[in-house]
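Colleague: test case, fold it:
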Amino acid sequence: MLTEKEKLEALTLLGVELNQIQDLDILLERILTRARQFANADAGSIYIRDRDYLHFTYTQNDTVQRRTGKNGKLIYSTFIIPIDKHAIAGYVALTGSALNIPDVYRIDATKPYQFSTKFDEACNYKTRSVLTIPLKSSKGDILGILQIINAQDSEKHIIDFSENDEGMMNHFASTASVALERAQMTRSIFLRMIRMAELRDPRETSAHVNRVAGYSVEIYEKWAQMRNLPESVIEKNRDVLKMAAMLHDVGKVAISDMILKKPARLDINEFEIIKQHTIMGARLFSGWESEFDEAAWQVTLTHHERWDGDGYPGHVDCISGKPLPGYELPDGSARGKKQEEIPIFGRIVALADVYDALASERAYKEAWDDSAILETIRRDSGKHFDPELVEIFFSQLEIIKSVQRRYEDIPKCIPNW
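Modeller: So this is what the prediction gives:
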């Protein structure tokens, strides 16, 4: 539990910390974590605004988390709620003013908003005190809603959020909103790049790339934990991997529409042409100027390599596209990279991309049955995929399924807080 002095010191450094995070989703997780620490709250949620709706984006709950174990993750349903006066979060977004409720089970019946007990009933949890704060842009527009739940004293007893908590969290929200607005701008730029690819290749949708990036981060985090990497390293790599994975197929903007939009499988010559999207994508990030550039270069270039060495483009110079010296094959192509010659980010995205491609409808195929997908991935362990990553994939399958649901094309709309 932070003292008032520690809170003020942390608030001073908060802007620097949050602005070091580039990816929007990872930033939202960090904002929620820090907000709960500031107010010593047991739980919390964060919503992002999209026109007249709030998207329930992340939730944290220490009480429920303890039941899942140290390295477990909360798996929750994603949904949207309208910005109106009926739900607490919707009401705060509508009015633009914070709401501090000592006991949500005792809200005056004359209030326009009420509390939904669905989460409490589903998770055997008891929500009491709730502080809901708007996140506003520099122009005063609502970016989202930050909601922290069940303030605690030093002995973990549930108490009300104080006026001091409310004032401190308003300052926190102002700082967090600056970082959030910047991250949303970065995400918008990324999605525009992806939409360019989508205009060329209708398979390359924002939902697909978000899913691939989400799966990749979950697999990486478990892989890194198994190696006891420092948390600071894991956090930094999650950030760059998330963004790099979203751009894995950006090189397709350089491929002909006749190939990308062909409503059937490609012939041998067409497949040789589309292979070039790996090299074209890597060229965008050559001459690294940041850790993100390096990660994006690795992912775009190597996400079609195979563990057994039968992938592409192999050991090539990504500027000329020619095989590197010593790696030429008799047919003039480059020897494929194999096993740990493939960077870990490339090996992870290879698995994540294939899983989502098989689970998605394409112009030339229906979405595969889930059991057939999992059987294929298991069968290709040690051939297409790094066998250790396949084991991690299956160990994290429930979480990966939750990521898949989070980035459905049409999210559910149900009432909640």
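
Colleague: going forward, measure contacts and count neighbours with C-alpha atoms only.
Modeller: Will do.

Colleague: buried set for stretch 397-408?
Modeller: 397, 399, 400, 402, 403, 404, 405, 406, 407 (16 or more other C-alpha atoms under 10 Å).

Colleague: may I see the buried residues of stretch 84-103?
Modeller: For stretch 84-103, the neighbour count (16+ other C-alpha under 10 Å) marks 84-94, 96, 98-102 as buried.

Colleague: what about the residues you listed, which are in helices?
Modeller: Mapping those onto helices (DSSP state H) picks out 88, 89, 90, 91, 92, 93, 94.

Colleague: list just the nearest of the residues you listed to residue 309.
Modeller: Closest approach between these and residue 309, by C-alpha to C-alpha: residue 89, at 51.5 Å.

Colleague: can I assume the closest one is in contact with residue 132?
Modeller: Yes. With contact defined as C-alpha atoms under 8 Å, residue 89 counts as touching residue 132 (6.7 Å).

Colleague: what's the overlap in contacts for these two?
Modeller: Contact criterion C-alpha atoms under 8 Å, 6 or more residues apart in numbering; residues shared by residue 89 and residue 132: 145, 147.

Colleague: relative to residue 47, how far out is residue 79?
Modeller: 10 Å (C-alpha to C-alpha, to the nearest Å).

Colleague: brain fart, residue 282
Modeller: Taking C-alpha to C-alpha, one finds residue 282 at 35 Å from residue 47.

Colleague: over to residue 89?
Modeller: 8 Å.

Colleague: with residue 256 instead?
Modeller: Residue 256 is 40 Å from residue 47, by C-alpha to C-alpha.

Colleague: the two - which one has more neighbours?
Modeller: Under the criterion of other C-alpha atoms under 10 Å, the comparison of residue 256 against residue 47 puts residue 47 first, with 26 against 14.

Colleague: so that one touches residue 57, yeah?
Modeller: Yes. If you go by C-alpha under 8 Å, residue 47 and residue 57 touch, sitting 5.3 Å apart.

Colleague: ok, so of the buried residues of stretch 397-408, who is nearest residue 357?
Modeller: Once C-alpha to C-alpha is applied, the member of the buried residues of stretch 397-408 that ends up nearest residue 357 is residue 404, at 11.9 Å.

Colleague: and the residue nearest to that closest one when sequence neighbours are not counted, what are its phi and psi?
Modeller: Leaving out its chain neighbours, the residue that sits closest to residue 404 by C-alpha to C-alpha, 6 or more residues apart in numbering is residue 211, at 5.9 Å. Dihedral angles of residue 211 (phi, psi; degrees, to the nearest 10) stand at phi -70, psi -50.

Colleague: same thing with residue 178?
Modeller: Dihedral pair for residue 178: phi -60, psi -50, per degrees, to the nearest 10.

Colleague: ok, it - how many residues close by?
Modeller: Residue 178: 17 neighbours (other C-alpha under 10 Å).

Colleague: also residue 230?
Modeller: Burial of residue 230 is recorded as 10 neighbouring residues (other C-alpha under 10 Å).
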